[in-house]
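Q: fold the following and give me the result.
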Amino acid sequence: MTELTFRTVTAGRIEHSVVGDWWHTVDRWSLGAVLVLFALGLVLGLAASPPLAHKNDLWTYHYVVRQAVFVVMALGLITMISMFSTTMIRRLGMALFLGALVATMALPWLGTDFGKGATRWYSLGFFSLQPSEFLKPGFVLVSAWLMAGSFERFGPPGRTLSGIAAIGIAAMLALQPDFGQAVLVLAVWSTMVFVSGAPILMLLVLGGLIGAGGAYAYFNSSHLAGRINAYLAAEVDPNTQLAYAQSAIREGGLFGVGAAQGSVKWTLPDAHTDFIIAVAAEEFGLILTLIIIGLYLFITVRALGRLMKERNPFLRLGGTGLAVLFGLQAFVNMAVAIRLLPAKGMTLPFISYGGSSMLAAAIGMGVLLALTRTRPHDAAAEFRSRM
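A: As a prediction, this is how the structure comes out:
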C-alpha cells in the first residue's frame with residue numbers, strides 16, 4: 001500500500017519539467033526568507049551607501065545599483081544550483097575548493113590589501129574578488145565528501161584528511177591576517193566532526209588544540225592582540241567604528257529615528273558592509289533588527305531540522321556545515337556590532353554590500369537548498385507516519 005501510494009504521488013511529478021519538480025521539492029519557506037533578506041539588503045543599502053558614494057564623488061545610488069546587480073546574479077545562482085543533483089553538487093564543491101584554494105595561496109604575490117592592512121583581495125578593475133569567501137563553501141562540501149567516504153568499507157580517513165585541510169586553510173587565513181575567517185572555518189569543521197559521530201575525547205582534544213592555537217596567535221600577532229585587548233577594555237574608544245555602531249543602536253530605540261534620518265552612516269566607513277546592522281537599528285529600530293535575527297535563525301534551524309531526517313551522510317554533513325556557516329557568520333557580524341565579540345570584518349549574508357560575499361553566500365545557499373530538498377524516502381517516511 002505504501003509503495004502504491006508513493007508511486008502515485010511521484011508519478012505526477014515525473015511528468016513535470018525540471019523547474020516544476022524543483023518547485024515541489026525545494027524548501028519554499030527558506031527560499032522565501034532568503035528573498036526577504038535580499039529585499040532588506042537593498043533597502044538598507046539605499047539607506048547606508050549614499051554617504052560613501054558622495055565621499056567618492058560617485059552617483060548617489062552607485063553602490064545600490066551595483067548591489068542590485070549582485071542580487072540578480074545571486075538569485076540566479078541560488079535557483080540554478082538548488083536544482084543540482086548530488087553528483088553535480090560534489091563536482092561543484094571540488095571545483096570550487098580547488099579553484100579558491102589556489103587563488104587564496106597566490107594572494108601574497110598577486111593580491112592587494114586596498115589599504116586595509118590585510119591582503120585578501122584580487123583587484124580586477126571593475127570588481128574585487130575575495131577568494132576566501134568561495135573557499136568556505138567549497139571546503140565544507142569537500143570535507144563532507146571525505147567524511148561520508150569514511151563510513152564506507154575501505155573508505156578514506158575522512159576526518160583526518162579534512163582536519164589537515166582545515167588547519168592548512170586556517171593557517172593561510174591567519175597569515176593574511178584574517179583570524180575571524182580562520183576561526184569560522186575551524187568552528188564549522190568541528191561541528192561537522194561532531195555530527196559525523198566523533199568521540200567526545202576527540203572533540204575535547206580538538207577544543208584544546210584550537211585554544212592553544214588561539215593563545216599562540218594572541219602572543220605572536222599584534223593585530224590580533226590589539227583587537228582582543230580593545231574588546232576586553234573597560235571602556236570603548238569613542239573614536240572607533242565600534243563606538244559609533246553602539247551609539248547608533250542605542251539611538252534607534254524600538255522603532256528607529258526614521259528612514260534616511262540616521263547619522264551613523266556619515267561617520268562609519270563600513271556602514272554599508274560590516275556594520276550595516278547598526279544602520280538598520282538606528283533608522284528602523286529594534287523591531288526590524290529582531291526580524292533580521294529571526295530570518296537568519298529561521299533559515300538555519302529549519303535547514304538543520306530537515307537534515308536531521310537525512311540518511312545520506314554526505315547530504316547530512318554537507319548541509320549541516322553550510323547551515324552552520326550561514327548562521328554563524330550572521331551571528332558574528334551582529335555580535336561584533338554590540339560588542340559580544342572582538343572586532344572582525346565579516347559581512348552579513350545577503351544584506352551587506354559586496355560582490356564576493358554575496359555570490360559566495362548564494363552558492364552556499366543554493367547548495368543548502370539542493371541538499372535539503374524533499375526526496376523519495378522523505379515522502380515515504382511522511383506517508384508511513386500518517387498511517
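
Q: which ones are touching residue 344?
A: Residue 344 makes contact with 179-180, 227, 332, 336 under the criterion C-beta atoms under 8 Å, 6 or more residues apart in numbering. Placement of C-beta: from N, CA and C, glycine included.

Q: tell me the buried residues within those residues.
A: Buried members of the contacts of residue 344, counted by 16 or more other C-beta atoms under 10 Å: 179-180, 227, 332, 336.

Q: give me the subset of the contacts of residue 344 that lies in helices.
A: 179-180, 227, 332, 336 (DSSP state H).

Q: flag the least confident of these.
A: On pLDDT alone, residue 227 ranks lowest of the ones in helices among the contacts of residue 344, at 83.

Q: list the contacts of it.
A: 342-344.

Q: just give me the closest of those residues to residue 147.
A: residue 344 (27.4 Å; C-beta to C-beta).

Q: so how far is residue 353 from the closest one?
A: Distance of residue 344 to residue 353, computed by C-beta to C-beta, to the nearest Å: 17 Å.

Q: is it true that residue 251 touches residue 279?
A: No. Contact between residue 251 and residue 279 fails when scored by C-beta atoms under 8 Å: they sit 11.3 Å apart.

Q: anything in contact with each of these two?
A: Counting by C-beta under 8 Å, 6+ apart, the contacts common to residue 251 and residue 279 are 262, 264.

Q: what about the two, which has more around it?
A: residue 279 (25 against 17; other C-beta atoms under 10 Å).

Q: how about the strands in this structure?
A: 122-123, 128-129 (DSSP state E).

Q: elements contacting the last one?
A: This means strand 128-129. Helices and strands touching strand 128-129, by 3 or more C-beta pairs under 8 Å, 6 or more residues apart in numbering; DSSP states H and E, are helix 355-371.

Q: in CSV, list the C-alpha atoms belonging to the helix it packs on.
A: The C-alpha trace of helix 355-371 is given here as CSV (Å, rounded to 0.1, in the frame of the first residue of the first chain):
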residue,chain,number,x,y,z
GLY,A,355,30.1,41.0,-4.7
SER,A,356,32.3,38.2,-3.4
SER,A,357,30.4,37.7,-0.1
MET,A,358,27.0,38.0,-1.9
LEU,A,359,27.9,35.4,-4.7
ALA,A,360,29.7,33.1,-2.3
ALA,A,361,26.8,33.1,0.1
ALA,A,362,24.5,32.5,-2.9
ILE,A,363,26.5,29.4,-3.9
GLY,A,364,26.3,28.1,-0.3
MET,A,365,22.6,28.8,0.0
GLY,A,366,21.9,27.2,-3.4
VAL,A,367,23.7,24.0,-2.3
LEU,A,368,21.9,24.0,1.0
LEU,A,369,18.5,24.2,-0.7
ALA,A,370,19.6,21.4,-3.0
LEU,A,371,20.7,19.2,-0.1
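
Q: how far is it from where the chain is centred?
A: The chain centroid and the centroid of helix 355-371 are separated by 8 Å under C-alpha atoms, centre = their mean, to the nearest Å.

Q: ok, now stretch 300-316?
A: That offset, for stretch 300-316, works out to 17 Å (C-alpha atoms, centre = their mean).

Q: could you give the mean pLDDT of that stretch?
A: For stretch 300-316, the mean pLDDT works out to 95.

Q: please identify the buried residues of it?
A: So stretch 300-316, judged by 16+ other C-beta under 10 Å, has buried residues 300, 302-304, 306-307, 310, 313-316.

Q: quick one on the thing from earlier: dump the contacts of residue 227 to CSV, plus distance to residue 292 and pLDDT.
A: Below are the contacts of residue 227 laid out as CSV (distance: C-beta to C-beta, whole Å; pLDDT from 0 to 100):
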residue, distance to residue 292, pLDDT
342, 22, 87
343, 20, 80
344, 18, 80
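
Q: now the strands of the chain in a markdown table, with mean pLDDT?
A: Putting these into a markdown table (pLDDT from 0 to 100) gives the following:
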| stretch | mean pLDDT |
| --- | --- |
| strand 122-123 | 90 |
| strand 128-129 | 88 |
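
Q: residue 21 is nearest to which of the ones you listed?
A: Using C-beta to C-beta, these put strand 128-129 closest to residue 21, at 33.9 Å.

Q: list the strands paired with the closest one, with their directions.
A: strand 122-123 (antiparallel) (DSSP bridges).

Q: if we can go back for a sec, packed most tightly, which of the strands of the chain would that be?
A: Ranked by mean neighbour count, the strands of the chain are led by strand 128-129 with a mean of 17 (mean count of other C-beta atoms under 10 Å).

Q: and the angle for the longest helix that the chain contains with helix 355-371?
A: Assignment by DSSP H gives helix 276-307 as the longest helix of the chain. In terms of direction (axes from the mean of the first three to the mean of the last three C-alpha atoms, to 10 degrees), helix 276-307 departs from helix 355-371 by 20 degrees.

Q: picking up where we left off before, which single one of the buried residues of stretch 300-316 is nearest to residue 205?
A: Nearest member of those to residue 205, counting by C-beta to C-beta, is residue 313, at 22.6 Å.

Q: what separates the closest residue to residue 351 other than its chain neighbours from residue 354, distance-wise?
A: The spatially closest residue to residue 351, leaving aside those adjacent along the chain, is residue 41, at 4.0 Å (C-beta to C-beta, 6 or more residues apart in numbering). Distance, residue 41 to residue 354, using C-beta to C-beta: 10 Å.

Q: which of those two has more neighbours?
A: A count of neighbours by other C-beta under 10 Å puts residue 41 above the other of residue 41 and residue 354, at 25 against 20.

Q: that one contacts residue 67, doesn't it?
A: Yes. At 6.8 Å, residue 41 counts as touching residue 67 under the criterion of C-beta under 8 Å.

Q: pull up the gap between the residue nearest to residue 293 when sequence neighbours are not counted and residue 373, please.
A: Leaving aside its chain neighbours, residue 293 sits nearest to residue 334 (6.9 Å; criterion: C-beta to C-beta, 6+ apart). Going from residue 334 to residue 373 by C-beta to C-beta gives 29 Å.
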